[in-house]
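Undergrad: based on what follows, work out the 3D shape:
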Amino acid sequence: MPARLTDSAANKRTEPPMTAPTLTEFLAAPGTALAKGPVAMVFAEDEVELDSTLRHHIDSGFKSVLFLAPDSFALAPDVAENPLIHRIAYDLPSGDSLTGAVDAVIKAAPGLWMYYCYNAEYLFYPFCETRTIGELLAFHTEERRDAMLTYVIDLYAGDLTRHPTAVSLEEAHMDKSGYYALARNDSANHNHPRERQLDFFGGLRWRYEEHIPAARRKIDRIALFRAKEGLRLRDDHTFSDEEYNTYACPWHNNLTSAIVSFRTAKALKRNPGSTFDIHSFKWRNSIPFEWHSRQLLDLGLMEPGQWF
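TA: Okay, the predicted model is just below:
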């Protein structure tokens, strides 16, 4: 696990910060936060791994990170004081809309590359240990692409006795196989398959599908995209422009990326309807996660395309 994700003794959480601006207030006067992309949006559902999530995405090279969270959520001093992190008062647990927030930021900054995720999620892309997110998106732009498919790969603690919340950076595991794709049918076109679009499945949402609503079982998310006028994010993590939802251009394979995520494991262990049925997430295809893009590339969980 990279050292940058951990807390030093000097950076343990302190008191919550002063009241942050609302999203409307922030977008009315964003300062330099939306002057240059790529811009990351991190949505906090709870206080799990807030600091490591924000550090990871700052280290990836995002020009600014919008942290949307309730005022009561505390951060480590090094994170709270980072000038690239812009805190915004937003309360997903109480019903604030993720899609509404993303749409508002899109409207405020057309033309910028953007990204969104939840806390305890970490973006990986080919060669991310030596190349920045800006370099990735510059190449993707040269290939005339305005969005990038990301696979959300479930992480989980190997030992739920030691880690009952299912979250452990040091002992994170993942499924090495069990991923598959199905055609995405177009209900407006006699249910014919959509061109260059697929629904992807696997991980915990496949293995424990009886506890997962059908609409939330997919693992694909268009998390990296270029904002433009009129673009809207849908509840199923696709966009109103169908070309944004394609996995590649018509001519050749394109870059894809991955978000490794504890979100499903957290929910399955927090939900009273599933927690008592799950004593361990490990199975014969579980392997330790190495916190390196090479592992995800070797497993076929992201694609370098023409980027060498």
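
Undergrad: grab the nearest non-local neighbour of G37.
TA: Of all residues beyond its chain neighbours, the one nearest G37 is L112 (3.6 Å), with distances taken as C-beta to C-beta, 6 or more residues apart in numbering. The C-beta positions use only the backbone N, C-alpha and C, and glycine is treated the same way.

Undergrad: what about that neighbour, neighbour count?
TA: The burial count assigned to L112 is 20, neighbours taken as other C-beta atoms under 10 Å.

Undergrad: and the helices in the stretch 151-300 of the chain?
TA: Chain-ordered helices for the stretch 151-300 of the chain, with DSSP state H, counting those that start in this stretch as the definition, fall at 204-207, 263-270, 293-298.

Undergrad: can you give me how far the shortest one is from the chain middle?
TA: If I follow you right, that is helix 204-207. Averaging C-alpha coordinates over helix 204-207 and over its chain gives two centres that are 18 Å apart (C-alpha atoms, centre = their mean, to the nearest Å).

Undergrad: cool, and the second one?
TA: Centroid separation for helix 263-270 versus its chain: 15 Å, with C-alpha atoms, centre = their mean.

Undergrad: go on, the last one?
TA: For helix 293-298, the distance between its averaged C-alpha position and the chain's averaged C-alpha position is 17 Å (C-alpha atoms, centre = their mean).

Undergrad: counting by contacts, list what it packs against.
TA: Where contact means 3 or more C-beta pairs under 8 Å, 6 or more residues apart in numbering; DSSP states H and E, helix 293-298 is not packed against any helix or strand.

Undergrad: list the contacts for N119?
TA: N119 sits next to V42, F43, A44, E45, D46, E47, V48, E49, L50, T53, A69 when contact means C-beta atoms under 8 Å, 6 or more residues apart in numbering.

Undergrad: what pLDDT does the nearest residue to A109 once chain neighbours are set aside get?
TA: With C-beta to C-beta, 6+ apart as the criterion, A109 has its nearest non-adjacent residue at 4.2 Å, and that residue is L34. Here the pLDDT value assigned to L34 is 96.
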